[in-house]
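K.L.:
Sequence first, then the predicted structure:
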Amino acid sequence: MKEVLHRGGVIGGSSAGASIQADYLARANPVANFDIMAPGYERGLGFLKGAAIDQHFSQRGRQNDMSQLANRYPQLLGIGIDEGTALIVQKSVGKIVGAGKVHFYDRTRPVVPGESDYLALGEGVSFDLANRTLVEETEAESTEASVAYSVPPENMALLQRAVARLLELQEDDGAWPYEGVYRVGGEIPVGYRIGGTAIACQALLAVPVKESAENKAAITRGIELILKELEHPLMKPSSQDTYDVRVWGHIY
């Protein structure tokens, strides 16, 4: 993963895959994840220095848990990410995208009784993780522009091969299914099919390589598949308490 970053690539993760990106690994108890701190299981990958990340944050009411962690380790920046939400970090600046919020716990600032001990930020807002401050919009745009698509010239050939391979993996109906372990009737759930296809389309739209008719055709097939599958019954709102991964489709 470090080599990927060194080459100008991108790493990421959701749920536990997000937590492990930080210095401190939250909810690492190997038996159950009810406790945010698990002595002996607290070392993350360290890609976000001086931070601890929790996920499914508002949906599972984890605000008080992060307060406990921040009180125990005040040197850490606590980060709580809602479902359907991402924190995209470039250098030291993280930008929030998605339907929810990202909550920042900074114990270098005083906690005021009766007020929230965190800062909750939504879509489009940028936060400097190193200085623990909000980033003005013009500054954030400048930061993004300076690092976007920073692919070393010697790696362009590798990127082009990766794009070619991605095109090869597209299925006949336009899908790039996400191969999760969950199945519905033995089949890859429609939410995974939509989410995986959307991720692949976003990747093809973002790569800094010369546009081609093949790329455009693949993206078009993918979008057509997504729009069609969004009408599937399992993608409709439901009050059933079940894990059917429809959220994967709606997020992406």
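P.N.:
The structure has been received and is ready for your questions.
K.L.:
need the helices for the protein, in chain order.
P.N.:
Using DSSP state H, the helices of the chain run over 2-6, 16-19, 63-72, 137-147, 156-169, 190-206, 213-229, 246-251.
K.L.:
Would you single out the least confident of these?
P.N.:
With a mean of 49, helix 137-147 has the lowest mean pLDDT of the helices of the chain.
K.L.:
how far away is residue 30 from residue 16?
P.N.:
Per C-beta to C-beta, to the nearest Å, residue 30 is found 12 Å from residue 16. For every residue, glycine as well, the C-beta is placed using N, CA and C.
K.L.:
Next: residue 108.
P.N.:
27 Å.
K.L.:
who's more crowded, the two?
P.N.:
Between residue 108 and residue 16, counted using other C-beta atoms under 10 Å, residue 16 has the larger neighbour count: 14 against 8.
K.L.:
Which one of the helices of the chain lies nearest to residue 39?
P.N.:
Closest to residue 39 of the helices of the chain is helix 63-72 (C-beta to C-beta; 10.6 Å).
K.L.:
send the alpha carbons of the closest one over as PDB?
P.N.:
The C-alpha coordinates for helix 63-72 follow below in PDB (Å, rounded to 0.1, in the frame of the first residue of the first chain):
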ATOM      1  CA  GLN A  63     -20.400   9.900  19.500                       C
ATOM      2  CA  ASN A  64     -19.900   9.100  23.200                       C
ATOM      3  CA  ASP A  65     -17.500   6.300  22.300                       C
ATOM      4  CA  MET A  66     -15.300   8.700  20.400                       C
ATOM      5  CA  SER A  67     -15.500  11.100  23.300                       C
ATOM      6  CA  GLN A  68     -14.100   8.400  25.600                       C
ATOM      7  CA  LEU A  69     -11.300   7.700  23.200                       C
ATOM      8  CA  ALA A  70     -10.400  11.400  22.800                       C
ATOM      9  CA  ASN A  71     -10.400  11.900  26.600                       C
ATOM     10  CA  ARG A  72      -8.100   8.800  27.000                       C
END
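K.L.:
Can you list the neighbours in contact with it?
P.N.:
Residues outside helix 63-72 that contact it (C-beta atoms under 8 Å, 6 or more residues apart in numbering): 24, 26, 36-37, 52, 54, 57, 76, 78, 80, 103, 105-107, 117-118.
K.L.:
could you redo the last one with a cut-off of 10 Å?
P.N.:
By C-beta atoms under 10 Å, 6 or more residues apart in numbering, the surrounding residues in contact with helix 63-72 are 24, 26-27, 34-37, 42, 52-54, 57, 62, 76-80, 103-107, 111, 116-118, 120.
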